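Chemist: Sequence first, predicted model second:
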Amino acid sequence: MVFRGGGPTKYLLLAMIIIIPYLMTLYTRETVLTYVKSLVIYGLVFLTVLISLRAVISTYPYRGFGVSTSLFNTTLVVFIDLLITLAVHKFIVGFGALSSVLPLSAMMMALRGLEHNGKTLRKYIVYPIYTLPGVLIIQYVSYVLVGTVSIIKYLALDSVFYLFSFLFIYYVIFKFESSYGGIDILKLFSSYLYAALFEYPEPFERELSRKATTRDVKVHLFMLRDGNSTSAVTIPELHAGPIAKVGGGYLISDLVSELGRYVKSVVYLHGIGSHELDPATRVDVRKVVKAVASKVRDFLGNNSDDDHVCVGKPPIQIEGRGYRVTHVPLCSKSLVIVSRLIKSSDDIPLNVYEELRRRVKLDWDDVIIIDAQNYYSDDNTWDENDLRELSSILSKIGELEEQRLNIKSCIVHTPKYVFGPIQFEIGDNGLITWCLEINGKRVLLVIFDGNNLKRELADAIIGEFRKDFDIIEVLTTDNHQYTGIARFTRSRGYRVVGDLISHDLIMRHIRRSVKQCINGLSDVSIHYYPIIINDVRVIGNSFNEMVRAAELGVADWKKHFATLIVLPILTMIVLGIIFGIL
């Protein structure tokens, strides 16, 4: 809300700006003309803050940017004027203008941070000076229209207050350098704001590339061929982030769009890894997409042998206290789908995957771990209890005996547009319903192209189709197509599937696609190809470091609120008393 002009809060702030001055005129028995003059002054406060914010950004502003921030600052000025009016029994307008100096300076610092090239943040100490012209204009107009406080007293107040403001902003800079990561994090956060607020990704990609690491990336590709059509199943060992329109945020949409030119259906599944495996730029995404598409074309251009014997471990689903693990064999390779039942099902970090490999005796070359990403909660941590339980379940899968498999399959694609013309929960690949029959056992995989899922929706899907299938799992792709961009998101930074889209609408389309799936089951040949793409830039820990810095900042909100809001207000009041204004 602070950075963008959306949400109902702005209407509440606007109402306060209109109503409070009227109450002040009633209290001091001023005329309606004085009330109108006060609205002019507060309108000027709004405009000066808005213009100041938009003047410092390095690209054309997104249309809603700064509105709520300016309304908040104006409301703060009105509220301070109200308190002073009640205390001195005189109609005071514009005195509170100084309250916007520190919050506005901090926002300017954040927005200009992407241009910082030095070794220290000390240059930001002078940023309060950039607010001085606006403050002087407001105070002068207040003096001309209302005249309660003389211009000389205003100038004396400003001179001393701005000296104190340098100390306050120095504290903010000190905290950023000592606790939050310093210049590197500021530049990263500042460039992120441009991507999130203005959909201008170049600075953020540039910063991510600067700190990126290079690695060889594997993409697991399955080609499924029945008598009439061919489908592709892809599991990149990459993470489709960090946010929309940046780097890996294009991964799923670009991959699905390209492969969709050659095959009937494309299934994308979320493999191992978290933000440390985000492709740094769209160039890296295109490199991956090009390699996978080339292999698909090679497969379609060759007469592959469809009569090979399919051998693998049988399908099974094992549920514990905190985990549900689903084993789906695709001949010799096994899809092992991990759902978390208590904590948030939200990425399997590389270090967790490596620890599982160390603890569990499995033929890991034939096991592909899939993160179901199907339950959202505030806790997505991993601890010893998690590793112990998941290791125990995976060990049971390792004990399964291989057998000859007869696999029937049908994949039904439901396009995203059926869920509404304007929705930011389901990405370009819509809904995939994948039915398999493996040695007589029926398996249903419902795959949303989205970033996580409402728990009650997943449970409803599993409950409804339990009678028709032996094994059911609901997944999302962890698509960041609508993640982190202001106009797409809500407070958590993204919308999970089922947040706003009607669950009844979703269930209606799933029922239809499941019926098609069951009717369309047919024998399928499965071909597996591991694709290695060399020298892909991934962002490593840089995005996680920025997120951790933001979390520390939120944890310190009381200190920042005191430094940027409370202490400046107290300073204004004390100085107002000293200079005889109050």
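Modeler: Structure's in. What do you need? Numbers count the residues shown, from 1 in each chain.
Chemist: okay, CA-based contacts and neighbour counts for the rest of this
Modeler: Fine.
Chemist: Burial check on residue 87, number of neighbours?
Modeler: Residues contacting residue 87 under the criterion other Cα atoms under 10 Å number 10.
Chemist: That one: what secondary structure?
Modeler: Here residue 87 is helix, with the state taken from DSSP: H, G, I helix; E, B strand; the rest coil.
Chemist: measure it to residue 573 for me?
Modeler: Going from residue 87 to residue 573 by Cα to Cα, to the nearest Å gives 11 Å.
Chemist: Residue 543 reaches residue 242, doesn't it?
Modeler: Yes. Counting by Cα atoms under 8 Å, residue 543 touches residue 242, with 7.4 Å between them.
Chemist: so what sits against both of those two?
Modeler: residue 275 (Cα atoms under 8 Å, 6 or more residues apart in numbering).
Chemist: With adjacent residues omitted, what lies nearest to residue 195?
Modeler: Using Cα to Cα, 6 or more residues apart in numbering and skipping the chain neighbours, the partner closest in space to residue 195 is residue 201 (4.5 Å).
Chemist: Quick check: phi and psi on the one you found?
Modeler: Note on residue 201: its backbone torsions stand at phi -80, psi -20 [degrees, to the nearest 10].
Chemist: Contacts for stretch 321-338 next, please.
Modeler: The contact list for stretch 321-338 (Cα under 8 Å, 6+ apart) reads 310-319, 339-343, 366-372, 386, 389-390, 393-394, 397, 405, 471, 473, 526, 528.
Chemist: So which of the residues you listed belong to strands?
Modeler: 311-312, 316-319, 339-340, 367-371, 471, 473, 526, 528 (DSSP state E).
Chemist: Going through those residues, which ones are buried?
Modeler: 311-312, 316-317, 339-340, 367-371, 471, 473, 526, 528 (16 or more other Cα atoms under 10 Å).
Chemist: and of the residues you listed, the nearest to residue 503?
Modeler: Set against residue 503, the nearest of these by Cα to Cα is residue 473 (17.1 Å).
Chemist: Verify the stated contact: the closest one with residue 442.
Modeler: No. Counting by Cα under 8 Å, residue 473 stays clear of residue 442, with 11.7 Å between them.
Chemist: got the contact list for stretch 108-115?
Modeler: Defining contact as Cα under 8 Å, 6+ apart, one finds that stretch 108-115 is touched by 53, 56-58, 124, 127, 183, 186-191, 193-194, 203.
Chemist: ok, now with 10 Å
Modeler: Residues outside stretch 108-115 that contact it (Cα atoms under 10 Å, 6 or more residues apart in numbering): 52-58, 102-105, 107, 116, 121, 123-125, 127-128, 130-131, 169, 173, 183-194, 203-204, 207.
Chemist: From the residues you listed, which land in helices?
Modeler: Of the contacts of stretch 108-115, the ones assigned to helices by DSSP state H are 52-56, 102-105, 107, 169, 173, 183-194, 203-204, 207.
Chemist: For ChimeraX, write the selection for the buried entries among those.
Modeler: Buried residues within those, by 16+ other Cα under 10 Å, are selected in ChimeraX with:
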select :52,53,54,102,103,104,105,107,169,173,183,184,185,186,187,188,189,190,191,192,193,194,203,204,207
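Chemist: follow-up on the earlier one: for residue 416, state which of the buried ones among the ones in strands among the contacts of stretch 321-338 is nearest.
Modeler: Distances from residue 416 to these, taken by Cα to Cα, are shortest for residue 473, at 20.1 Å.
Chemist: Excluding covalently adjacent residues, which one is nearest to the closest one?
Modeler: residue 445 (5.1 Å).
Chemist: Show me what the host helix or strand of that neighbour is packed up against.
Modeler: Using DSSP states H and E, residue 445 falls within strand 441-450. When contacts are defined as 3 or more Cα pairs under 10 Å, 6 or more residues apart in numbering; DSSP states H and E, strand 441-450 packs onto strand 265-268, strand 316-319, strand 323-330, strand 407-414, strand 426-438, helix 455-465, strand 471-476, helix 503-520.
Chemist: want to try a markdown table for these, with mean pLDDT and distance to residue 28 as columns?
Modeler: Formatted as a markdown table, the helices and strands packed on strand 441-450 follow (pLDDT from 0 to 100; distance: least, Cα to Cα, whole Å):
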| stretch | mean pLDDT | distance to residue 28 |
| --- | --- | --- |
| strand 265-268 | 98 | 67 |
| strand 316-319 | 98 | 70 |
| strand 323-330 | 98 | 66 |
| strand 407-414 | 98 | 65 |
| strand 426-438 | 98 | 56 |
| helix 455-465 | 96 | 55 |
| strand 471-476 | 98 | 61 |
| helix 503-520 | 98 | 55 |
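Chemist: can I get the ones you listed in TSV with distance to residue 579?
Modeler: As requested, the helices and strands packed on strand 441-450 are exported to TSV (distance: least, Cα to Cα, whole Å):
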stretch	distance to residue 579
strand 265-268	68
strand 316-319	72
strand 323-330	67
strand 407-414	71
strand 426-438	60
helix 455-465	60
strand 471-476	63
helix 503-520	63
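Chemist: Go through these and name the closest to residue 381.
Modeler: strand 323-330 (13.7 Å).
Chemist: For stretch 47-65, buried residues please.
Modeler: Neighbour-count burial for stretch 47-65, counted by 16+ other Cα under 10 Å, picks out 47-50, 52-54, 61-62, 65.
Chemist: Next: stretch 292-304.
Modeler: 292-293, 295-296.
Chemist: distance between stretch 382-390 and the chain's centre?
Modeler: Remark: stretch 382-390 is offset 26 Å from the chain centroid, using Cα atoms, centre = their mean, to the nearest Å.
Chemist: buried set for that stretch?
Modeler: In stretch 382-390, counting by 16+ other Cα under 10 Å, buried: residue 390.
Chemist: Equivalent analysis for stretch 238-251, please.
Modeler: For stretch 238-251, the neighbour count (16+ other Cα under 10 Å) marks 238-251 as buried.
Chemist: Could you tell me the end-to-end distance of that stretch?
Modeler: End-to-end for stretch 238-251, by Cα to Cα: 9 Å.
Chemist: avg pLDDT for it?
Modeler: Stretch 238-251 shows a mean pLDDT of 95.
Chemist: Give me the distance from that stretch to the chain's centre.
Modeler: Distance of stretch 238-251 from its chain centroid, counting by Cα atoms, centre = their mean, is 10 Å.
Chemist: Can you say which two of the buried residues of stretch 47-65 are spatially most distant?
Modeler: Maximum distance among the buried residues of stretch 47-65 (Cα to Cα): 17.9 Å, for 48 and 62.
Chemist: shaky segments in the chain?
Modeler: Regions of the chain meeting the criterion pLDDT under 70 cover residues 1-7, 62-63, 304-307, 487-492, 582.
Chemist: For the residue located most distally from the centre of it, give me phi and psi.
Modeler: Outermost residue of the chain with respect to the C-alpha centroid, by Cα atoms, centre = their mean, is residue 29; its distance is 50.5 Å. Torsion angles at residue 29 (phi, psi; degrees, to the nearest 10) stand at phi 60, psi 40.
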